[in-house]
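# Have a look; sequence and predicted model below, questions after that.
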There are 2 protein chains.
Amino acid sequence: MTDTRWLDAEEQRAWRAYLDATRLMIRAFDQQLQTDAEVSFTDYELLVKLSEAPGRRLRMRDLADATMSTRSGVTRAVTRLEQLGWVRRVECEDDRRGTHAELTPAGLAKLAAAAPGHVTAVREHLFDQLTPAQVDHLAEAFGQVADALQRPRAGGAQPEPDSRGDGHARRISAARAG
Amino acid sequence: MTDTRWLDAEEQRAWRAYLDATRLMIRAFDQQLQTDAEVSFTDYELLVKLSEAPGRRLRMRDLADATMSTRSGVTRAVTRLEQLGWVRRVECEDDRRGTHAELTPAGLAKLAAAAPGHVTAVREHLFDQLTPAQVDHLAEAFGQVADALQRPRAGGAQPEPDSRGDGHARRISAARAG
DNA sequence: TCCCAATATTTGCGGCGTCAACTAAAGTCA
DNA sequence: TGACTTTAGTTGACGCCGCAAATATTGGGA
């Protein structure tokens, strides 16, 4: 183990600004959605992902990948949303282990009702503060960061033997493009 | 209410990349700290803020402001850390309502032990993915976003009369500079 | 000094998230 | 086909968080 490379002044500044802004934004969006539409930010995003999927349905695992969440997190979220009538579970035809989460008409209506206020808040707190060039920079930078985190790290520490070979990364990329 | 200004393609790209990267990073940092040092990310940051404060102590409210958290959140966090022996509560001399949270030597030691691994992870997942120019852009952009969120919005909706006049904004700025 | 609005902190309640363990169903291979 | 591994989804235990209400002080007039 070599000596730690500490953050320099500019990195510190970036890191703290990022963390501060993120906490403030997430809380602001959560509150806005909660008070104006009675949905949590997490649930809202889950509804968005379903609304964009073909047939407005997604397998639980794909929903987890699409929302950058965990399987258990999605299980609980879908249970919540199912009880609210905004999502329903549909068994897989070809794989008896699988379950689809499908957006109901009520769920779509809820999403349509919540979207304008949410987008307005995102614009107000984030995009109205940035120039178009800054938006480009942001997309580029975080695209790189997200990709690196989804890819089994190259010269990394000491994880499994090597690659995983299955369709995991491919599935995630497909979801992120959607 | 005017029509909603939806996000254009580039804004969508930026927004999703940001959210995805953020979720993945936060989870990665939480796991790293938890497994390597048995501290949560939140608690780690709280310890950092205390370590940087004069006398290694901060009033609860200032700790809340510094961590972009809520008062109740800080109360619970400090209770946790107090039980672990890393922080202790000290009553205010001049204001009997007030309580200081003070980092103990054990807390400082824990922080020193956890820091290298954490900084290494932050570097790996974030800064190693970015050019110095991107780091500058990021600091600038999120600095603007965080400032806007901390400032009572100018032409905003219908909040309190106008300014608040007290030392709130000043206190936050001081903390963010530290 | 007495009354009342503001501030500091805590706590009851409930939402939401993760990990690890568990069940069920595929897939693999001899 | 039978044994073993992998994958999908769920759940139990537990931790963290925030709001709103409660408690204790403070500060500012009347």
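Arrived safely. Numbering: from 1, shown residues only, chains lettered A, B, ... in the order given.

# contacts and neighbour counts: CA atoms only from here.
Noted.

# Which residue comes closest to the residue nearest the centre of chain A once chain neighbours are left out?
A centroid search over chain A (C-alpha atoms, centre = their mean) returns residue A:67, at 3.4 Å, as the residue closest to the centre. Among residues not flanking residue A:67 along the chain, residue A:46 sits closest, at 6.7 Å (C-alpha to C-alpha, 6 or more residues apart in numbering or on different chains).

# Does the one you found touch residue A:68 like I think?
No: using C-alpha atoms under 8 Å, residue A:46 is not in contact with residue A:68; the gap is 10.3 Å.

# avg pLDDT for stretch A:19-28?
Per-residue pLDDT values across stretch A:19-28 average out to 96.

# what distance separates that stretch from the centre of its chain?
15 Å (C-alpha atoms, centre = their mean, to the nearest Å).

# Just the buried residues of it, please?
A:19, A:20, A:21, A:22, A:24, A:25, A:28 (16 or more other C-alpha atoms under 10 Å in any protein chain shown).

# That one near DNA strand C anywhere?
No: against DNA strand C, stretch A:19-28 shows no contacts by C-alpha under 7 Å from any atom of the strand, the least distance being 11.6 Å.

# by how many degrees do the lengthiest helix in chain A and helix B:9-37 diverge?
Ranked by residue count under DSSP state H, the longest helix found in chain A is helix A:9-37. Helix A:9-37 runs at 110 degrees relative to helix B:9-37, counting by axes from the mean of the first three to the mean of the last three C-alpha atoms, to 10 degrees.

# and residue A:97, which of the three is it?
State at residue A:97, reduced to three classes by DSSP: H, G, I helix; E, B strand; the rest coil: coil.

# That one: neighbouring residues, count only.
8 (other C-alpha atoms under 10 Å in any protein chain shown).

# swap in residue A:17?
22.

# give the contact list for it.
B:139, B:142, B:143, B:146 (C-alpha atoms under 8 Å, 6 or more residues apart in numbering or on different chains).

# the strands in chain A, which residues?
A:57-59, A:87-91, A:99-103 (DSSP state E).

# which of the residues in the last one are buried?
Under the neighbour-count criterion of 16+ other C-alpha under 10 Å, strand A:99-103 has A:99, A:100, A:101, A:102, A:103 buried.

# what sits opposite the second one in the beta ladder?
It refers to residue A:100. Beta-bridge partners for residue A:100, by DSSP bridges, are residue A:59, residue A:90.

# Quick one, grab the pLDDT at it.
97.

# gap between it and DNA strand D?
Distance, residue A:100 to DNA strand D, by C-alpha to the nearest atom of the strand, to the nearest Å: 6 Å.

# My guess is that residue contacts residue A:63. True?
No: applying C-alpha under 8 Å, one finds residue A:100 not in contact with residue A:63, separated by 9.1 Å.

# quick one: contacts of stretch A:84-100?
By C-alpha under 8 Å, 6+ apart, stretch A:84-100 touches A:57-60, A:78, A:81-82, A:101-108, A:110.

# Spatially nearest residue to residue A:57, not counting backbone neighbours?
residue A:102 (4.1 Å).

# Need the contact partners of stretch A:42-61.
By C-alpha under 8 Å, 6+ apart, stretch A:42-61 touches A:63, A:66-67, A:71, A:74-75, A:77, A:81, A:98-103, A:107-108, A:111, A:178.

# Which parts of it count as buried, going by neighbours?
In stretch A:42-61, counting by 16+ other C-alpha under 10 Å, buried: A:43-44, A:46-51, A:56-61.

# Let's have these in TSV, adding distance to DNA strand D and pLDDT.
Below are the buried residues of stretch A:42-61 laid out as TSV (distance: C-alpha to the nearest atom of the strand, whole Å; pLDDT from 0 to 100):
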residue	distance to DNA strand D	pLDDT
A:43	15	97
A:44	17	97
A:46	14	97
A:47	15	98
A:48	18	97
A:49	15	97
A:50	14	98
A:51	17	97
A:56	15	97
A:57	11	97
A:58	8	98
A:59	4	97
A:60	4	97
A:61	3	97
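
# which residues of chain A score low on pLDDT?
A:1, A:152-178 (pLDDT under 70).

# So the residue nearest to residue A:57 versus residue B:77, what's the distance?
38 Å (C-alpha to C-alpha, to the nearest Å).

# Same check on residue A:27?
18 Å.

# Not counting its neighbours along the chain, what's nearest residue A:99?
residue A:91 (4.6 Å).

# For that neighbour, the count of nearby residues, please.
13.

# now residue A:32
Counted with other C-alpha under 10 Å, residue A:32 comes out at 19.

# Go ahead and confirm residue A:129 touches residue B:145.
Yes: the pair residue A:129 / residue B:145 is scored as a contact, 5.9 Å apart, by C-alpha under 8 Å.

# Compare these two (neighbour count), which wins?
In this view residue A:129 and residue B:145 are compared by other C-alpha under 10 Å, and residue B:145 has more residues nearby, 25 against 20.

# Enumerate the residues of chain A near DNA strand D.
A:27, A:31, A:59-62, A:71-76, A:97-100, A:166.

# Could you measure from the residue nearest to residue A:99 over to residue A:57?
Taking C-alpha to C-alpha, one finds residue A:91 at 11 Å from residue A:57.

# Check residue A:143 too.
Distance from residue A:143 to residue A:57, by C-alpha to C-alpha: 26 Å.

# try residue A:72
18 Å.
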